[in-house]
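K.L.:
Following is a predicted model, sequence given first.
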Amino acid sequence: MNGPRRGGLLGGGTDGNERLTVLTGLLLVVLFAGLGVTIVGIGRLLWLHLFLGLLLLGPVALKLASTGYRFLRYYTADHAYRAKGPPLPLLRGLAPIVVFFTLAVFGTGIALLLLGPSSRQPLGELHKVSFIAWIVVTAVHVLGHLPETVDVLSDAAGTRRDLLASPAAALSRGRPRSPAATLRGGWPRAAALVVSLVTGLAIALALTGQYAVWTR
């Protein structure tokens, strides 16, 4: 597999792509949990709901890019991605539905923010319906990918423990996936996560002027 020899964000091949996807997914789970809290108190927390929704744009774009890259490489017959194989059939069929409702939720949300309260009908109802549908399909998506998430996190944690105990043993143990210490692209992946957050933050701050018509 020639993927791991690449540098930069593409370093680490299929394992690097999976790690970026998992870490971005975990970041999104945390941010969406915060967004969920704002829905409970949407009256007084509407400003925070708007802020977090815009902040999420960066990480969501990164997640779509990492999964889209795997999709593209697989269907262009890349040897490494073909060898890794596609997700389970259920998750494979669910993926475009998750993407559709993700775009629907954020598309209607941004439209509502920019057009103001006068656009509540029908955009408000579309936003609510698409969000409910998104919650359902995303819950199945997250649970379906839970084994991969646990695998990636346990691998990284195990490698760190081994390195602290015996660096030589950690590098020579012959794990089936690339050890976290030797998997290329670690810093670029971390930078991509930071850039996605900064980008979302910049958008959220740039549009704070639009909050007033909704919160006054």
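P.N.:
Cool, the structure landed. Bear in mind the structure is a predicted one, so any value in this text is a computation, not a measurement.

K.L.:
contacting residues around the closest residue to residue 138 other than its chain neighbours?
P.N.:
The shortest distance from residue 138 to any non-neighbouring residue, by Cβ to Cβ, 6 or more residues apart in numbering, is to residue 98 (5.9 Å). Where you see a C-beta, it was placed from the backbone N, CA and C, and this is true even at glycine. Contact analysis of residue 98 by Cβ atoms under 8 Å, 6 or more residues apart in numbering lists 134, 137-138, 141.

K.L.:
now swap in residue 210 and tell me
P.N.:
For residue 210, the contacting residues are 50, 113-114, by Cβ under 8 Å, 6+ apart.

K.L.:
if we go to 6 Å?
P.N.:
By Cβ atoms under 6 Å, 6 or more residues apart in numbering, the residues touching residue 210 are residue 113.

K.L.:
quick one, phi psi at it?
P.N.:
Main-chain torsions, residue 210, degrees, to the nearest 10: phi -80, psi -10.

K.L.:
if I look at it, how far off is residue 19?
P.N.:
Going from residue 210 to residue 19 by Cβ to Cβ, to the nearest Å gives 36 Å.

K.L.:
for this protein, which spans come out with low pLDDT?
P.N.:
The model of the chain has pLDDT under 70 over residues 1-7, 156-182.

K.L.:
Residue 21: neighbour count?
P.N.:
By other Cβ atoms under 10 Å, the residues close to residue 21 number 22.

K.L.:
got it, and the one 10 residues further on?
P.N.:
Burial of residue 31, expressed as a neighbour count using other Cβ under 10 Å, amounts to 19.

K.L.:
Might you report the residue contacts of the closest residue in space to residue 104 that isn't next to it in sequence?
P.N.:
Distances taken as Cβ to Cβ, 6+ apart place residue 130 nearest to residue 104, at 3.8 Å, with adjacent residues excluded. Contact partners of residue 130, counting by Cβ under 6 Å, 6+ apart, are 101, 104-105.

K.L.:
Let me know the helix or strand that residue 130 is in.
P.N.:
Using DSSP states H and E, residue 130 sits in helix 125-144.

K.L.:
Can you list the buried residues in that helix?
P.N.:
126-127, 130-131, 133-134, 137-138, 141-142, 144 (16 or more other Cβ atoms under 10 Å).

K.L.:
And the helices in this structure, which stretches?
P.N.:
Shown for the chain, the helices assigned by DSSP state H span residues 13-40, 46-55, 57-75, 79-84, 89-115, 125-144, 146-165, 167-172, 186-206, 212-215.
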